[in-house]
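1. Okay, structure incoming, though there's no sequence with it:
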């Protein structure tokens, strides 16, 4: 159904991110990874953010057709890849979108919700690190961030936690920004509720740190970046002061 070749459509792919954070379970952080492409179904959107111009039939009333993400071509079913090229050669049917959402989006969020509920039931609080990758930003190479932390400008996570994330990453030699240009997507906005004990931070890692963006292979820095992120996860796991206001000092994070 795509008008793009295999390389072009992979420009929206978060390549190797689950490998970068593979040490999470070793430090007590369950790792939930989507095993389907975000260009096929993006779980960091509402379930039904769909562009009506992509479909040959009329969409149901419950579909959100007016969000900024839909207008940008990056709804639950993306209209374009990250570099702006249209994906599809012809219009889809709503049944296509429904099939993807039921087979991919629903099980992913059922698993994530269950992890959050289980963790909060056990410890009273839960931390979700929503891990992504970001392409090199043209024209900004001098100030290019290595990591962008998104906490909805302080609404999805206690500021002390995001501060600790930033400090820990900087200590590893990384250039870190907050909420610029990524403040968080659906997962951050929907699940992050500090007053209820659920803290969510979106973490965008620069692809140039660990992969060749032209041919989607690991680069020479992959192993060192992976080690740095393991050190970061271990620091977060040991930072018991982050949980001082919520009871016991030993907590589990859901990644």
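-> Received the coordinates, thanks. Just so we're clear, the structure is a prediction, and the values are computed from it rather than from any experiment.
2. now the strands for this protein?
-> Residue ranges of the strands in the chain, as given by DSSP state E, are 126-134, 147-150, 176-178, 198-206, 211-212, 217-218.
3. so where's the stretch 101-250 of the chain uncertain?
-> 137-142, 240-250 (pLDDT under 70).
4. Could you export the strands of the chain to CSV, including columns for mean neighbour count?
-> (C-beta placed from N, C-alpha, C; glycine too.) As requested, the strands of the chain are exported to CSV (neighbours: other C-beta atoms under 10 Å):
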stretch, mean neighbour count
strand 126-134, 22
strand 147-150, 24
strand 176-178, 18
strand 198-206, 24
strand 211-212, 18
strand 217-218, 14
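5. got TSV for the ones you listed, with distance to residue 101 too?
-> What follows is the strands of the chain, written out as TSV (distance: least, C-beta to C-beta, whole Å):
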stretch	distance to residue 101
strand 126-134	19
strand 147-150	24
strand 176-178	31
strand 198-206	21
strand 211-212	29
strand 217-218	31
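6. Give the full set of residues in contact with residue 146.
-> Residues near residue 146 by C-beta atoms under 8 Å, 6 or more residues apart in numbering: 169, 174-176, 205-206, 209.
7. Using TSV, please lay out those residues together with distance to residue 69.
-> Conversion of these to TSV gives the following (distance: C-beta to C-beta, whole Å):
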residue	distance to residue 69
169	27
174	28
175	27
176	25
205	21
206	22
209	26
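8. for the residues you listed, which one is nearest residue 31?
-> If you rank these by distance to residue 31 using C-beta to C-beta, residue 205 comes first, at 14.8 Å.
9. The closest one and residue 132 touch, don't they?
-> Yes: using C-beta atoms under 8 Å, residue 205 is in contact with residue 132, at 7.3 Å.
10. Perfect, I'm done here.
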